[in-house]
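*Asks:* coords please:
(chains A and B, ligands or ions: 2)
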Amino acid sequence: MSATPVAARADEVWKVYGSAEARVVALRGVSAGFASGKFTAIMGPSGSGKSTLMHCLAGLDTVTRGTVHIGGTEVTGLGDKALTRLRRDRVGFIFQQFNLLPTLTAAENIRLPMDIAGRKPDPGWWDTVIETVGLKDRLGHRPSQLSGGQQQRVACARALVSRPDVIFADEPTGNLDSKSGAEILSFLRASVREHGQTIVMVTHDPVAASYTDRVVFLADGEIVAELDEPTPETVLEAMKSGEVLV
Amino acid sequence: MLRATLKSLLARKLRLVLSGLAVVLGVMFVSGAFVTTDTLGRTFDNLFAEGYATTDVAVTAKPKVSVTEVEGEQFETPLPASVVSTVAKTDGVKEAIGVVATDGARVIGSDGKVVTSFGPPRIGANWTGLDAIMRMREGRGPTADTEIAVNAEVAKAAGIKVGDKVAVLTQLPKQTFTLVGIWGYTDDRDSLGGVQEVAFTTPVAQRSMLGQTGVFTQVTVRVADGQTPEAVRDRIATELGGAYDVKTGTQLAEESSASFKEALSFFNNILLGFAGVALFVGVFLILNTFSIIVAQRTKELALMRALGASRRQVINSVLTEAVAIGLIAAVLGLAAGIGVGALLVYLFGTMSGGLEPASVGVPVAAVLSALIVGVVVTVVAAVLPAIRASRIAPVAAMQDVATPDRPLTKVTVAGALVGAAGAALLGVGLYGAGSLTLILAGVLVTFVGVALLTPLISKPVVALLGRLFSWSVPGRLGRLNSGRNPRRTAITAAALMVGIALVTGVTVVMDSAKSSLAAQAEDTIKAQIVVSGEQTGPRPPSFDEGVLTRARQLTGVRTVAGVWNDQAVIDGERTYVNATDDLAKLADAYGTPGLTTLRGDQMAVSSEVLQERGWTVGSVHEVQLPRGELHRYSIAATYDEDRMPGSYLLPAAATKEFGITQPIFGYVRLDDGVSVGQVLPEVKRLVADSPEVNATDRSAFIEQQSGDFDTVITMVQVLLGLAILIAVLGVVNTLALSVLERTRELGLLRAVGLGRAQTMRMVTVESVVISVFGALLGVVVGAGLGTAVVRALDGEGITDLVLPWDRMGLYLGLAALVGVLAAVLPSIRAARLNVLAAIAHE
Ligand SMILES: Nc1ncnc2c1ncn2[C@@H]1O[C@H](COP(=O)(O)OP(=O)(O)OP(=O)(O)O)[C@@H](O)[C@H]1O
Ligand SMILES: [Mg+2]
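*Replies:* Ligands and ions are numbered 1, 2, ... in the order given. This is a model prediction of the structure:
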């Protein structure tokens, strides 16, 4: 146990879908802490429970057994109102696609969570975020007028601008070409390095994982390995040995 | 193909239920109207068959002015007593009874109020003993002139019992009698069809009901054994000659029933008219639903095309669906219509007091109209979407969704053309031909035109309306959503427009008419006090002529004039006429100079009638009143129709030959400087004996006279409620769809922190914006149509144009409320969305 505070934590989390024959155990007693100010990747084969773990951590889904904390708050057991507020004020999301509301401009999409909360973005921070994601001249455009990469940048900006305790990203670069993907990943890493943002990202891609500080490997609903300071090579290595493990 | 169609039909239940519901409601209205008229028709058949069951043959004098049930109240011309003895002596007659029985005996109940009747007459009759279906409940028939008996209907309604002193209003001033008997009918009934009846001795009945002794309204004949009514009828007819109608009881029952049925068919047509409007609105809803279904099935249909289905097959697939929905809806609508019909018949029975409805039947017309209307309306509404479906290119199966918003140019041009055609029809209808059909067609075509223009209008207006809600995030999102699909928003709003436009139009016309008449009355009636009645039954209330004489003696009174009203035949044409006891006084009460007292053979006729019938002052015309002989009146004077009551004014002598020989209006003009407050209580005291009539000051009278307009407005509002309800279903439908289509967006919003309440607010704002937009269109279009009609009626005395801002505001407010209500279910659905499932939704 290190002294760094933990932004999000799962303790003995079980997630079971369905019952009887259709029963699927997606998570089998996962315990993991995600350190504040760190960039963590969750990797694993398809169906291993990555998205499920992330949804449980983010308060989008309920757990079958175990507890989840965000900061000091226990997420498991919160009602819809409190969960909504938690998501609004303390969590940021970046999905693989369909991140934006088509009726709103880029700027409005970025401001949305703050508008919903009735808060004003800190002007200095706003400028910094817009600067970082490079969207200055695209703010008035609607999503349909933006490329996929630009749309994902808007989504990143939205997640960053309200300075949440933790940002969850589920394969944020999955739909992008490698250049746009690299840009997004650079922003994310920069926001962690320079501004102390905490980010948890699900990915399949060893290169994407190499942007992070730590990789957690899931297989069949269990954590099977961890890797600090990953490089594409070490990740690939771990994946190979992970496969052997399974 | 059929199999695929049915499958997809089942898969989209909710939407189909909603659009089907529109057809169900429309069909319900149509078949309900048929069922009601049919059942009531048979009810009247039964009623009259029973009423005439004890009459073999009846003799009446030919009416001098014949009036059908639709046109007003028939006054039965009295026949002399000699006819009774002539008939009695005729071969084959067992018994001939002189009967007095006519409407207009108004009993004053124990609470001091006149017993009212909504429809059935209040018969005053002579006591001729119990017939085969009457049963004495208590006491006996009247034998002295101070006695009466009543049927149990009257006794119950008036709260009177045998031994009570009971006051009765007739053609004579109030008389008080001792109640000596109460009778009922077979099967323990209180009345036949709610008819109230008071029986006097024969001389009292003759004086009170017919205004003279020695006359009867009818001779009721029983034929001797072994004689047929028909044979006896013919013999009596030969005996009496042409001045009398001789009919068998069966004939009379059929005729009376037929006359009531004519009145019913009028009622039926009104219901059908409103059903038509409801279905018209339903077409919008169905059209919208099918467009949406086709849009959603683009991929599926394209795949079918790619797999080799022809255009025709695609069209057929959509139309088959329409036929299926139409059929199901028609059957459900028919069932609901039968229910509504039964309910209406029941209500009619209760309201008219004691009418026993025949068992509810389903006429063939109801079944046929339900099926035809249901299927045709649905298919017609589905044609356009079907054609659009057939135009889907097979490649659409491979492309990714989101058919771009087609440009609105074509629709807009079409809308402008159709709208212009509608306006042209309307113009010709209003100013040229003056035909109601053309006007209605014009209104409907205009609606279609406006509906086509709506997508274009919706953009700026919806944006503007939405501004009102933009202060909150959910409000802004809702506003943006309502602008996303201009066509869908437009059709939804247009459906709402139709009902609201019609209501607004009628309100404008009625309020304008009301205000014009009030202004005119304000302008012309100089009398400060008016004696007039509140209608408590089929006959207008009247009062004793002595009231006028006594009012003349009050201090501070300058003139008093009475007005009598009835129908007469003038030069072969039946028309309403007024008479006055003194034209000079009436002219003074109205402040119209230049009219003097009429001689007994003179009348005054409005200049409008003179022009219309090509008459001149001094010309002589034949006038037949309900009683008495044909008169020849010369036209002594003429006046502007706005300046005096009615088109014809007959002399005082004529009032004796009116059906109701009492005045129905009295105008009291005061001396200069005398205040109304001084005289009004005294005049009120004079009419204290006539609870049906009251003395009011002028403004209250004018208000009372214009009450009818408000009644019409209320009726139209209620009847168009159905059309508006269907439009609301359309709003629900559109919203449900929006929620469904935007599942992913909703999930995203919820994920980034939009609360449930906020989600609901977002959907509600969308709904309110659409509804208010529709209502706004309706109010504007309705005000336009109303204005056109009012302007066209300028020559008919509707000179004021009144735009009822308060009511228009009310309609908008109600639309906002409707929007909120329509959003309830869709918004709950949106708020309940599982965030994860929504995000995963493809
Ligand atoms: N709603 C659900 N109902 C039933 N089973 C589910 C549900 N969601 C996920 N699962 C199952 O849970 C397991 C883990 O799913 P999860 O989506 O977390 O996998 P993943 O690691 O994100 O996979 P991928 O890389 O393909 O996105 C899988 O076996 C999946 O089939
Ligand atoms: Mg996943």
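
*Asks:* Now the helix or strand harbouring residue B:87: buried residues?
*Replies:* Counting by DSSP states H and E, the element that carries residue B:87 is helix B:81-89. By neighbour count with 16 or more other CB atoms under 10 Å in any protein chain shown, helix B:81-89 contains the buried residues B:81, B:83-84, B:86-87. For glycine as for every other residue, the C-beta is placed from the backbone atoms N, C-alpha and C.

*Asks:* same thing with stretch B:317-336?
*Replies:* Applying a neighbour-count criterion of 16+ other CB under 10 Å, one finds B:317-326, B:328-336 buried in stretch B:317-336.

*Asks:* thinking again about what came up before, and which of the buried residues of helix B:81-89 is nearest to chain A?
*Replies:* residue B:83 (87.0 Å; CB to the nearest CB).

*Asks:* So the residue nearest to that closest one when sequence neighbours are not counted, which state does it fall into?
*Replies:* Setting aside the residues directly before and after it, residue B:83 is nearest to residue B:219 in space (CB to CB, 6 or more residues apart in numbering or on different chains), at 6.0 Å. Assigned by DSSP: H, G, I helix; E, B strand; the rest coil, the conformation of residue B:219 is strand.

*Asks:* My guess is residue B:219 contacts residue B:97. True?
*Replies:* Yes. Between residue B:219 and residue B:97 there is a contact under CB atoms under 8 Å: 6.9 Å.

*Asks:* Report the set of residues contacting both of these two.
*Replies:* By CB atoms under 8 Å, 6 or more residues apart in numbering or on different chains, residue B:219 and residue B:97 have these common neighbours: residue B:84.

*Asks:* Mind checking which of the two has more residues around it?
*Replies:* Per other CB atoms under 10 Å in any protein chain shown, whichever of residue B:219 and residue B:97 has more neighbours is residue B:219, with 27 against 18.

*Asks:* Any stretches of chain A with poor pLDDT?
*Replies:* A:1-4, A:242-246 (pLDDT under 70).

*Asks:* Would you tell me which helix is longest in it?
*Replies:* Of all segments of type helix in chain A, defined using DSSP state H, the longest is helix A:178-195.

*Asks:* Dump that one to PDB, keeping only the CA atoms.
*Replies:* The C-alpha trace of helix A:178-195 is given here as PDB (Å, rounded to 0.1, in the frame of the first residue of the first chain):
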ATOM      1  CA  SER A 178      -3.700   5.900 -35.300                       C
ATOM      2  CA  LYS A 179      -2.800   9.600 -35.800                       C
ATOM      3  CA  SER A 180      -6.000  11.000 -34.300                       C
ATOM      4  CA  GLY A 181      -5.800   8.300 -31.600                       C
ATOM      5  CA  ALA A 182      -2.300   9.400 -30.700                       C
ATOM      6  CA  GLU A 183      -3.400  13.000 -30.400                       C
ATOM      7  CA  ILE A 184      -6.200  12.100 -28.000                       C
ATOM      8  CA  LEU A 185      -4.000   9.900 -26.000                       C
ATOM      9  CA  SER A 186      -1.400  12.700 -25.800                       C
ATOM     10  CA  PHE A 187      -4.000  15.100 -24.400                       C
ATOM     11  CA  LEU A 188      -5.100  12.600 -21.900                       C
ATOM     12  CA  ARG A 189      -1.600  12.000 -20.700                       C
ATOM     13  CA  ALA A 190      -0.800  15.700 -20.600                       C
ATOM     14  CA  SER A 191      -3.800  16.400 -18.500                       C
ATOM     15  CA  VAL A 192      -2.600  13.700 -16.000                       C
ATOM     16  CA  ARG A 193       1.000  14.800 -16.000                       C
ATOM     17  CA  GLU A 194       0.500  18.600 -16.000                       C
ATOM     18  CA  HIS A 195      -2.800  19.000 -14.200                       C
END
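
*Asks:* Can you name the residues in contact with that helix?
*Replies:* Contacts for helix A:178-195 (CB under 8 Å, 6+ apart): A:37-39, A:128, A:132-133, A:147-149, A:152-153, A:156, A:160, A:167, A:169, A:172-173, A:176, A:197-199, A:201, A:205, A:207-208, A:211-213.

*Asks:* give the contact list for residue A:175.
*Replies:* Residue A:175 is in contact with A:96-97, A:148, A:152, counting by CB under 8 Å, 6+ apart.

*Asks:* And it, how far from ligand 1?
*Replies:* To ligand 1, residue A:175 is 13 Å away according to CB to the nearest ligand atom, to the nearest Å.

*Asks:* That residue in helix, strand or coil?
*Replies:* Secondary structure for residue A:175, judged by three-state DSSP, is coil.

*Asks:* again with residue A:77
*Replies:* Counting by three-state DSSP, the backbone at residue A:77 sits in coil.

*Asks:* how far away is it from residue A:26?
*Replies:* Relative to residue A:26, residue A:77 is positioned 20 Å away (CB to CB, to the nearest Å).

*Asks:* Now the closest residue to chain A within the stretch 651-800 of chain B. Nearest residue, chain neighbours left out?
*Replies:* Nearest to chain A in the stretch 651-800 of chain B, going by CB to the nearest CB, is residue B:753, at a distance of 2.3 Å. Leaving aside its sequence neighbours, residue B:753 sits nearest to residue A:88 (CB to CB, 6+ apart; 2.3 Å).

*Asks:* cool, residue B:500 as well?
*Replies:* Using CB to CB, 6+ apart and skipping the chain neighbours, the partner closest in space to residue B:500 is residue B:778 (2.8 Å).

*Asks:* is it fair to say the one you found lies in a strand?
*Replies:* No. Secondary structure assignment (three-state DSSP) places residue B:778 in helix, not in a strand.

*Asks:* thinking again about what came up before, per-residue pLDDT of the residue nearest to residue B:83, please?
*Replies:* You'll see residue B:219 listed with a pLDDT of 90.

*Asks:* Against chain A, how distant is residue B:99?
*Replies:* Separation of residue B:99 from chain A (CB to the nearest CB, to the nearest Å) stands at 80 Å.

*Asks:* Roughly how far does the closest residue to ligand 1 within the stretch 601-750 of chain B sit from residue B:469?
*Replies:* Residue of the stretch 601-750 of chain B nearest ligand 1, by CB to the nearest ligand atom: residue B:747 (13.5 Å). Distance, residue B:747 to residue B:469, by CB to CB: 23 Å.
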